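okay, structure incoming, though there's no sequence with it:
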């Protein structure tokens with residue numbers, strides 16, 4: 001079956017929760033292949049939307065100035081992108097509204113609600129989606145052959161360190177350490193470990 005070459009590129013990442021098979025449930029996120037900034041918007045509009053050079057930059061800076069002026073007054077500002085309003089936070093735990101004063105309130109960022117039209121116009125599903133061909137988070141931990149190969153390649157100096165195992169397994173530090181530590185436990189451990197300075201050394205034990 002030919003590999004899909006168009007559509008939005010996505011990757012899979014593990015969630016904290018696990019499925020019925022004991023493996024992490026997955027979620028999808030887009031692979032950001034390029035980031036566009038205000039200069040890119042200004043250049044594009046000058047070339048293809050008949051604006052003058054710098055016009056879009058001036059427009060956005062003016063929009064930011066006026067929008068934040070109204071937000072500082074506690075107003076909600078509605079735009080084609082969506083609506084913006086200040087978020088507030090109540091300090092401490094209160095049950096009596098009569099005891100709450102302005103000193104108990106702090107500014108807590110911006111609430112953004114995208115407009116329905118903006119969400120619809122940004123729909124990226126028209127050309128479908130294609131998957132990035134890499135391991136999913138630390139899912140390679142569940143591939144015994146891949147882990148055995150990583151262990152074999154990590155034992156170059158007669159012992160395994162967490163950093164070398166990270167390199168060959170593709171695991172992050174905590175996951176690599178948890179995996180190596182798990183092989184040191186049980187009735188028939190595959191590894192033993194000892195600490196030299198601040199570094200753990202893992203030794204492959206002879207098979208029974």
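Alright, I've got the coordinates. Being a predicted model, the structure only gives us computed values, none of them experimental.

that's a strand at residue 186, yeah?
No: going by DSSP: H, G, I helix; E, B strand; the rest coil, the assignment for residue 186 is coil, not a strand.

residues making contact with the lengthiest helix in the chain?
In the chain, ranked by residue count with DSSP state H as the criterion, the top helix is helix 55-71. With contacts defined as C-beta atoms under 8 Å, 6 or more residues apart in numbering, helix 55-71 is touched by 38-39, 41-42, 45-46, 77, 79, 84-86, 110. Where you see a C-beta, it was placed from the backbone N, CA and C, and this is true even at glycine.

report the buried residues of stretch 90-103.
Buried residues in stretch 90-103, counted by 16 or more other C-beta atoms under 10 Å: none are found.

residue ranges with poor pLDDT in the chain?
By pLDDT under 70, the low-scoring segments of the chain are 1-5, 16, 132-142, 207-208.

where along it do the helices fall?
38-48, 55-71, 116-121, 144-154, 162-169, 173-182.

please identify the deepest-packed of the ones you listed.
helix 162-169 (a mean of 19; mean count of other C-beta atoms under 10 Å).

what helices or strands is that helix leaning on?
helix 144-154, helix 173-182, strand 199-204 (3 or more C-beta pairs under 8 Å, 6 or more residues apart in numbering; DSSP states H and E).

got the buried residues for the shortest one?
Okay, so that is strand 199-204. Going by neighbour count (16+ other C-beta under 10 Å), the buried part of strand 199-204 is 200-202, 204.

between these, which is closest to residue 183?
Taking C-beta to C-beta as the measure, residue 202 is the one of the buried residues of strand 199-204 closest to residue 183, at 7.6 Å.

just put the helices of the chain in JSON lines and tack on distance to residue 130.
Formatted as JSON lines, these follow (distance: least, C-beta to C-beta, whole Å):
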{"stretch": "helix 38-48", "distance to residue 130": "24"}
{"stretch": "helix 55-71", "distance to residue 130": "31"}
{"stretch": "helix 116-121", "distance to residue 130": "22"}
{"stretch": "helix 144-154", "distance to residue 130": "23"}
{"stretch": "helix 162-169", "distance to residue 130": "26"}
{"stretch": "helix 173-182", "distance to residue 130": "27"}
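
for the ones you listed, which one sits closest to residue 21?
Across those, closest to residue 21 is helix 144-154 (C-beta to C-beta), at 14.7 Å.

got a list of contacts for that closest one?
140-141, 160-161, 164-165, 167-170, 179, 204.

between the two ends of stretch 116-128, what distance do you get?
Start and end residues of stretch 116-128 are separated by 21 Å (C-alpha to C-alpha, to the nearest Å).
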